[in-house]
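Below are the sequence and a predicted model for it; my questions follow.
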Amino acid sequence: MKLRFTKMQGLGNDFVVIDAVRQPFEMTPERARFLADRRFGVGCDQILIVEPSRLPGVDFRYRIFNLDGEVEQCGNGSRCFARYVRDKGLTDKDEIRVETLAGVISPRLGADGLVTVDMGAPVLDPARIPFISDTDAPAQLLDVAGETITIGAVSMGNPHAVQVVADVDTAPVATQGPLIEHHPRFPARVNAGFMQVVDRHTIRLRVFERAAGETLACGTGACAAVVSGIRRGLLDSPVRVHARGGELSIAWAGPGQPVLMTGPAVTVFEGEIEID
Ligand SMILES: N[C@H](CCC[C@H](N)C(=O)O)C(=O)O
């Protein structure tokens, strides 16, 4: 079948976006791998499927697929989703309520072209992250291949393990990232964040994403890093997050409060591809 898609990016975290409102589309593991493949397919970090909502008062449902399966949340993807449904004429709203596996979130399109998303409150209960631990302490020890590191475990719907490093440019992202991603104390695997604290309102961040490897930016990773940094007494809201692909602004007023993420969303090109 011929599949129309839109290639988008949020700070270089890139997506294949599919309108499943106006064209029938069923995701399969083979299709996810093919569409995400940078050599044999289109190429992206995640695939976003836009569907009609099943819930009253909610405008859309949006599903997120890593190349190896569906995940709960995607921050950069949520901004691209909002840009997409407006640009495609699927809505004329500035604030859109959208159902995800992690719950309903509310992206808002700003006049400046940036998109602000209420990402909901972070989840800190280890059992719901999930993280095998008997405490929700802000800083916990994790043995990684014989080295003991200190991480903060946070879920934004998807799991994150955030550590503080002196310099993100020299952090062991490529070597330690996969070890943390597959750590047995994270039964659903985990996104591994490496955060350098510049000052109380500024961090630099690299994220080795679950299934995708290091991406140029990770929206939920930025949210999780700021939550972890505030909980550890290292940061004050709002925080500028410098990722390799650009800058996000993250605000969090404390436990039980939503995390607000603001950043860009860009359409790169439209395409069509033959899929089985
Ligand atoms: N790899 C992530 C999903 C995408 C998150 C990232 N692209 C973002 O912007 O939040 C995971 O498996 O939880």
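Thanks, I have it. Numbering: from 1, shown residues only.

residues from the stretch 1-150 of the chain in reach of the ligand?
Contacts of the stretch 1-150 of the chain with the ligand, taken as Cβ under 6 Å from any ligand atom, map to Asn13, Asp45, Gln46, Asn66, Val71, Cys74, Gly75, Asn76, Gly77. Quick note: C-beta positions are derived from backbone N, CA and C, even for glycine.

quick one: which of those is most hemmed in?
Greatest neighbour count in these, by other Cβ atoms under 10 Å, goes to Asn76: 35 neighbours.

in a strand, that's where it is, yeah?
No. Using DSSP: H, G, I helix; E, B strand; the rest coil, the assignment for Asn76 is helix, not a strand.

and which of the residues of the stretch 1-150 of the chain next to the ligand is nearest to Asp59?
Taking Cβ to Cβ as the measure, Asp59 lies nearest Gly77 of these, at 16.1 Å.

The closest one reaches Gln9, doesn't it?
No. Under the criterion of Cβ atoms under 8 Å, Gly77 makes no contact with Gln9, lying 10.0 Å away.

which residues are in contact with both of the two?
Here Gly77 and Gln9 share the contacting residues Phe15, scored by Cβ atoms under 8 Å, 6 or more residues apart in numbering.

And the spatially most central residue of the chain, how far from Leu141?
Nearest to the mean C-alpha position of the chain, by Cα atoms, centre = their mean, lies Cys74 at 3.2 Å. Computed with Cβ to Cβ, to the nearest Å, the distance linking Cys74 and Leu141 is 29 Å.

circling back to that earlier point, residues in contact with the nearest residue to the residue nearest to the centre of the chain once chain neighbours are set aside?
Of all residues not flanking Cys74 in the chain, Ile64 sits nearest, at 4.4 Å (Cβ to Cβ, 6 or more residues apart in numbering). Listed by Cβ under 8 Å, 6+ apart, the contact partners of Ile64 are Gln46, Ile47, Leu48, Ile49, Glu70, Val71, Glu72, Gln73, Cys74, Gly77, Thr100, Leu101.

per-residue pLDDT, the fifth one?
Reading off the per-residue confidence, Glu70 sits at a pLDDT of 97.

Please apply the same query to the second one.
What the model reports as pLDDT for Ile47 is 98.

Quick check: which element contains it?
strand 46-52 (DSSP states H and E).

buried stuff in that strand?
Gln46, Ile47, Leu48, Ile49, Val50, Glu51 (16 or more other Cβ atoms under 10 Å).

Good, we can wrap up now.
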